[in-house]
Structures are given as structure tokens and as C-alpha cells.
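1. Next come a sequence and a model predicted from it.
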Amino acid sequence: RWIKFEEKVEDGGERWSTPHVPALPLHSLFQLRTCLQKGTMLLDLDATSFKEIIDKALSGQPEEAELQPAPRERLAALLLLQPQHQPTKSLLQLFAELGLSPCRGRKPSSPPRHPPTASSPGQSEPRTQISETPLKEQLRNRFKKKVLPGTEAAHVAVGEVEFLEKPFAAFIRLRRGVSLGSLAEVSLPSRFLFILLGPPKVKAYHEVGRAMATLLTDELFQRVARQAEHREDLIAGIEAFLDELIVLPPGKWDPSARIPPPSRLPSPRRRTAVDPLDQQPHGNGAMTAAGDRASAGHPRSGEELERTGRLFGGLLRDIRRKAPWYGSDFSDALHLQCLSAVLYIYLATVTNAITFGGMLGDATANMQGVLESFLGTAFAGFIFCLFSGQPLTILSSTGPVLVFERLLFSFSQDHSLDYLEFRLWIGLWVAFFGVVLVATDASHLVRYFTRFTEEGFCALISLIFIYDSLKKMLSLADAFPINWQYRLDNVTSYSCTCNLRRLFNPILTCLTTLYHPPLPSIQSPPTSPAGLSRTQCLDQGGHLLGTSCQYVPDVTLISFLFFGGTFLLCTALKRFKSSRYFPVGVRKLVSDFAVILAILSSCAADAVLGLETPKLLVPSELKPTNPARGWIIFPFGANPWWVCLVSAVPAVLVTILIFMDQQITAVILNRREYKLQKGAGFHLDLLCVSLLMVVTSVTGLPWYVSATVISLAHMESLRKESATSAPGEHPEFLGIREQRLTGLAVFILMGVSVFMAPVLKHIPMPVLYGVFLHMGVTALNSIQLMDRVRLLLMPAKHQPDLAYLRHVPLRRVHLFTGIQLLCLALLWLLKSTVAAIIFPVMV
């Protein structure tokens, strides 16, 4: 059987072979051409049953090849016998068959698409005729799941019969697809039939039949076969097929070896190119993936980025483009995959909010803290997903914004200015400048962002994610120090005592062995004066003395194990979709929920071990982190009047920062490789971010802009692939599930996280840092820059057959990569210094 690749029943007659590229003898194609030239040909035949087709085929023979009545009747009877198919059995059916009696007889089976040979005298069971209605086995056949809707069948019947003196060949095309009863392996309408029967001739007919089946699965020949009006048209189709043929010399390869299907097939349009050998990939999976990246871009020349020349012209065009899709933005989200995306991005966003909230609190004396970060993320993200042009974008605080906040707070302290009021005026100016940029269609400048800039920015943000996750993990060694001087032989000298100042003698509370866990009786010491716990000691005003008081080695070790284990588990489960185990539905489900399963597994392991690993702590009260501030910031009163005017200067820098950060992320998310159908909204997105600056400035919440890495993770978690694929064919990437509901659900969950603190406190922070590392590495691997960095370390003979290496000299590729890496290093150094304020200008 063939769908796109050949499968054959193995010699044991029990199972189908793996799909493989059919290797044909060249002579079989010449013989097939002869059969079509001299045999019967019926095009656009009107028939409703297989018997009617056979009768017309036998009566439509050329005069010189017409059969005598006797062999003609025998031939008709032979062709009308029921073929013996090899059904595709489920695992349950195979186990059920194991229980059958081993002495029970079994019919000899022949491969499908081949007619049964004439009954020999030794056969004990008579063969039945083809049924006019499909059999139960056809209707229940699991193989039909692999067949795309609208597929039609072609039947190739070849064989050897002794009563024929010369071959009988017929090619038949029906005017419309007709169900031919029990002829096919699965119940499908049939369109083509090819019959070749003749006197015994070693293997020749079988190979001609394989050649015909291979031709009928070729897209270009299919087009010819469907449109042909005369015999000559089909012959021309075979000639075109022969023109593309590539011959493998005998003795240089093993004909019995099965050629595995390539990861991606060339399109028919590319096959008709002038020089197909130079244009086509040769089945290298890495090459095709990199080739896609090489050709990937964004709609720089699309109407989204054309300058209209009218005030707010680009914004109005964005609104007109997105409005018809607004209803489907909600209905398209009704899929199980969206649930996994919500949980994944929610946990990533929570971790990001806590991380940036903590750093903002440190930088601004808690004028903005974790609670403000939670509320701001929830509000800004919800509004943006509801009204933006690209709702797959996730808003978040970013590193450059954090640097600006730190510098602004220091400046305010040094010059005795009220930080939040100063920040309010800067935010209002930024919103004004943002609206001006929207009104003048400034987003059309995005068309000049090249791959060089996109990849540099994406790599920088990805490396920041990776660096921050590793930095957070290394800081655990400070909170839970490791005793590097520990020696097992000195275990008797390690102790921790409680010194109560009001007592004259210190009270020994516990002697801790640092290698073995303490005894249960020591874990729950009595509350007598001689056995105070650590908490009791501190509550009574005492302090701890000893070499083992701060020593918690198990926590640091298990935290790093959770960190690395979560990262590896996320990666392994994401790749499970392409493994060979379990049905495709199970593999896809596991892959979609990979991050959630990894987090749940790590949380379960943490609960079983019972160690006090650092947990996710979410604010449980709705009040400002700093009691000295309120929820509304007033524009006048604390600062001199001229501050509202001077604020325009730093606002220019923030505007450049917001514009670059927002638009580069939007460009990356709207690349052609994602096959987005609903269009972009560069002007509308910038307007939403600008107006949100007003609200977040007035309420003293952090400023938000598109988060590159989390947005890319959101896109990747919503990839759509074809549900049915032919055996041996890789599922086709169909695009992204474009909708608003996942983003809205994420930010609604962010808002109610304050009330979910009792549940979230069971999630270890090292697990979430492992997810951060996974997101950073995934985003880094999604850009072509990483492919070219690997080329720097590869000898030329081991380099993959990448598309751009065929046209660009290797030294130029290395030069391009080197300049890119140098610019990336300069951006990283700049980001790490006080000069980070000019970071957006350098981008």
C-alpha cells in the first residue's frame, strides 16, 4: 500500500513494514510505458460497481489484443474474487489472537492491491466474490485515521496466470469517485484502476505494478492523470517523471535497504524549478530546519508596515484588519492545548513577577514591590490581551526598565525629589510621545529591522533569562550555606546551642550530626528548659551559637537537583512528540503538557522528601509594600513645579526603550515562519502599551512592555500540527493557535494569585528557575545565530548541508557571525554597567 511512501507486508504475513521511499528498477518504468501505449485505456468511465468496470475493460480492448471468450470469462471471474488484505490490528486484537489455539488454520494472505492468483487444485477453501458493500473489517480498520478527508483510492492489480498467452493491461479512470465495495483495504471512493495480468514472467509484473503505484502517489503525475484526455497525455506524464529520475548505480548501494522518508518533502513548485538538483534539500532534517530559519522573516513589505501619510492611518488600518477576527479570537481557544499553555505561561509569569518585584523592591526601597508587580502584571496584561493587535504577546517588566527605575530612584534620593511623583510625570510624557509615534505611523520603521538586529536582541534577552536563573540558584548557597570544612571524623564536635541572655549558663538544645539526618526525637525536642527548639529560643530573645546552626547542606544540593531535573524533564517531554513510543495522541498530549508534568513531578518529589527547600511565596494581603505610599499618586505637591517639564528629558530615553523593546519583540513574533493568519497590529500594540503607561504611573505600578522570551514560549506552546499524516510522513506545521483567551486566563489567574497563596506555597523556587532556564534555552535555539555559532566549531566536512552555505562563502558566514557575537558582547557589557540607561540607543 502507498499513501506517500511504500509499505509492504513482511514475509511472515503478520505486520506491515516501516514506510520507505520506493526504489524502482528503471526497466519497470519502460515496461509500464509500453503497457500504457498498447493496453486498454478508459478515461472518465461511468460505472458504479467493480463488475461493471471489469466488463467494460474487457470489452474495450484493442482488436489486435482482444481475448477469446473462454480466457476472457476466466479473467473476469478471477478479477472479481475478494482480495485478502492485511488488516491494521490494535494491540488489544494482537493480544486476543495470542489466546487462540495454535493448531487453528489460517488462510494464506497476499499483499493488498494485488489480486489473488487463480485457485490451485490443492486449495481447500473456495474464494468469495467481491462484495458490493464495504465489509465490517473495512469500516473498523484503524488505518483510516491516517487518511486525509477527501482522499480517493487507486487500485493496482498485477499477477501471473497460466491461461493467458500474452499480457492483458488496462488503465481506467472513473469520471467520479465510486465506492467499489470490499475491494479496498479501507472504505474509500475509488478513482483509478490499473490491471496487468499475463503468462508467468519472473517478477516483472510485480515491479511494473510498484512503478504504477509510485507514479500515482506522485503529485505531479496525479495532476496529469486527472486531467489527461488522451493516451499521449499519460505517456508525456511518464516522460516528465523520467526526466526527474535519479539513478543509483548498481553495486554502490544495497537494493534491499529501505530508504527512510525525509523529514520534509520538496513542494511540487520547487520540483518544477530550472535546476532542481541545486535547489532541493536532500532529506537532511537539520538542513531543512535551518533552511526554514534562513528563509524566515517578517512582513517587512506587508501592508501592516506601510506608511499611510494620514494621522493615525496605520492605527485605523490595524483596527480594520483585526476587528473581523475578534469573535474567532475566543472561539479558536476551545482546545485542550490552550489549557496547557495557560498553566505553563501562568507559572512562568508568576515567577517573573516575583523575581522582578523583589528586585524592584530592593532598587526602590519597596516603593514598588512584589504585590505591585503582581497587580500591575495582571491589570496591564489583561487589558493588553483584550484590545491589542497581537494578543499572543505577554507583557512583563524587563531588565532595561528595571535599570532605569534604579537610576531614577537614586537620582530622586540625591536631589530630594519625590520618586513616585517624578516617575508619574515621566510616565505621562512617555505615553504622550507614544501616542505621537502612533499618530505619525512611526512603526513603519520596523521594516528596517534586519535579522542581524532581531537575533542580537533575542539572544541577549534569552541569555539574560539563562544567566538570571543560574544566578538565583547560586545565591541559594548564601541562604543555605554549604559547610566546605565538614569532615566525617569531626562529627562529634559539631553543635548548636541556644544562649539566653537572661540566664547565666547556655542551654544546649541539640547536637547535630551533619552527615546523618537527626533522630525523630531531636526533630521534635521537648519544651523543657533544657530542650528549646530554634524557634522557641529566638522567641525568648536568645541567639544561636555553634558550628552547625546555619548549616543546611541538603537544601542546596536538592535545590540544584530539582533545578537541573526540571530543565531536563521539560526538554525530554517536549521532544517526546517525535519519539517512537505510544500512539500519536498520547505523545502529543504529553508534549503539550510537558512543562506542567515536569513541575508536578518535581513538586511531588519535593513533598515526598520533605526538605525545607525555598518555596514560592505570594503576597496574601492587598496593601502597598511600603506603608508610606498609597494606591494613587498625585501629580503636584511633593516636587517643584518645573519637575513636570524636566521629566520630558528622561521620558525620551524611556520612549526609545519602550519602542525598541516592544517593536523588536513584535517583529520576532510576527515572522512568516509562524504562519499567522490574522495579521499583525504594530500601531495598535504600541498605543495599548502607551496608554497603559498612564494607568501604571498614576497607580505607582511597574511599567510593562512585551517580554520576548515568555511571548516566544507562549507561541511555541500553541503550535498547530496536522492531525493526520501518511505513514512515514512527519506532521505538518499548520501555524499558531491565534486567540486571546490564553493570555486573558493567564492574567486573571495572576490577579487571583493573592488568594491562591496556600496552594502556590508548595511549589519550590528551584523548579520554577528550571522552567526559566528551559525557556531561555528554547528561545536561544530558535534563532539561526546558534546554527552559525555551531559552524564555528565544526570542520567543513562535518557541516550540515545548510541552504545559505550553498550560496555564501563560509568565511563570510563566519565574519557575519563574529560581528554579531561582538555586538552581543558589547550589549551585555553595557547592560551590566551604569551606562545601561542608553541601552536602547545602542540597540
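-> Sure thing, it's come through.
2. Format the CA atom coordinates belonging to stretch 177-185 as CSV.
-> What follows is stretch 177-185, C-alpha atoms only, in CSV (Å, rounded to 0.1, in the frame of the first residue of the first chain):
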residue,chain,number,x,y,z
GLY,A,177,-15.0,8.6,-7.2
VAL,A,178,-17.1,5.5,-6.6
SER,A,179,-17.1,3.1,-3.6
LEU,A,180,-16.2,-0.3,-5.0
GLY,A,181,-17.5,-2.4,-2.1
SER,A,182,-14.9,-4.6,-0.4
LEU,A,183,-12.1,-4.1,-3.0
ALA,A,184,-10.1,-1.6,-1.0
GLU,A,185,-8.3,-2.1,2.4
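3. by contact count, what packs against the helix or strand harbouring residue 471?
-> Residue 471 is part of helix 451-474, with elements assigned from DSSP states H and E. When contacts are defined as 3 or more Cβ pairs under 8 Å, 6 or more residues apart in numbering; DSSP states H and E, helix 451-474 sits against helix 553-574, helix 648-669, helix 708-716, helix 765-781, helix 784-792, helix 810-831. Just so you know, the C-beta spots here come from the backbone N, C-alpha and C atoms, and that holds for glycine as well.
4. Give me the residues contacting the third one.
-> The set of residues that contact helix 708-716 without belonging to it, under Cβ atoms under 8 Å, 6 or more residues apart in numbering, is 341, 344-345, 348-349, 352, 392-394, 396, 457-458, 461-462, 465, 664-665, 668-669, 674, 736, 742-743, 775-776, 778-779, 782.
5. Do me a favour and average the pLDDT over it.
-> Averaging pLDDT along helix 708-716 yields 82.
6. what packs against the one helix or strand residue 205 maps to?
-> Using DSSP H and E, the element containing residue 205 is helix 204-216. Using 3+ Cβ pairs under 8 Å, 6+ apart, the elements in contact with helix 204-216 are helix 26-38, strand 153-160, strand 189-198, helix 219-227, helix 231-244.
7. one more time with 6 Å
-> In terms of contacts (3 or more Cβ pairs under 6 Å, 6 or more residues apart in numbering; DSSP states H and E), helix 204-216 is packed against helix 26-38, strand 153-160, strand 189-198.
8. Next, the angle helix 765-781 makes with the helix holding residue 471.
-> Interaxial angle of helix 451-474 relative to helix 765-781 (axes from the mean of the first three to the mean of the last three Cα atoms, to 10 degrees): 160 degrees.
9. Residues touching helix 451-474, excluding its own?
-> Defining contact as Cβ atoms under 6 Å, 6 or more residues apart in numbering, one finds that helix 451-474 is touched by 399, 563, 664, 667-668, 708-709, 769, 772-773, 775-776, 779-780, 783, 785, 820, 823-824, 827.
10. roughly how far apart are residue 49 and residue 131?
-> To residue 131, residue 49 is 11 Å away according to Cβ to Cβ, to the nearest Å.
11. try residue 483
-> Residue 483 is 81 Å from residue 131, where distance means Cβ to Cβ.
12. And this protein, what are its domain boundaries?
-> When the chain is parsed with the TED database, its domains come out as 9-85+129-261, 313-480+624-719+728-779, 783-842.
13. same question for the shortest one, mean pLDDT?
-> Looking back up the chat, that one is domain 783-842. On average, domain 783-842 scores 82.
14. now the first one
-> For domain 9-85+129-261, mean pLDDT rounds to 84.
15. from now on call the first residue 221
-> Got it, first residue is 221 now, which makes that one domain 229-305+349-481.
16. tell me how far the ends of that domain are from each other?
-> Length of domain 229-305+349-481, first residue to last, Cα to Cα, to the nearest Å: 18 Å.
17. Just checking the distance from it to the centre of its chain.
-> In this view, domain 229-305+349-481 has its centroid 39 Å away from the chain centroid, taken as Cα atoms, centre = their mean, to the nearest Å.
18. Could you do the shortest one as well?
-> Between the centre of domain 1003-1062 and the centre of its chain there are 24 Å (Cα atoms, centre = their mean).
19. Straight-line length of that domain, end to end?
-> 21 Å.
20. Wait, residue 541 touches residue 898, no?
-> No: with contact defined as Cβ atoms under 6 Å, residue 541 and residue 898 do not form a contacting pair (8.1 Å).
21. the more surrounded of the two?
-> Set side by side, residue 541 and residue 898 show more neighbours around residue 898, with 21 against 17, by other Cβ atoms under 10 Å.
22. And that one, its phi and psi?
-> phi -100, psi 0 (degrees, to the nearest 10).
23. Run through the residues that contact it.
-> Counting by Cβ under 6 Å, 6+ apart, residue 898 has contacts 545, 958.
24. try it again with 10 Å
-> Shown in contact with residue 898 (Cβ atoms under 10 Å, 6 or more residues apart in numbering): 541-542, 544-546, 548-549, 552, 609-612, 955-956, 958-959.
25. Residue 817 too?
-> With contact taken as Cβ under 10 Å, 6+ apart, residue 817 is in contact with 560, 789-790, 793, 796, 809-811.
26. Residue 764 falls within a strand, correct?
-> Yes: the assignment for residue 764 is a strand, going by DSSP: H, G, I helix; E, B strand; the rest coil.
27. in the lengthiest strand in the chain, what's buried?
-> Determined from DSSP state E, the single longest strand within the chain is strand 388-399. For strand 388-399, the neighbour count (16 or more other Cβ atoms under 10 Å) marks 388-394, 398-399 as buried.
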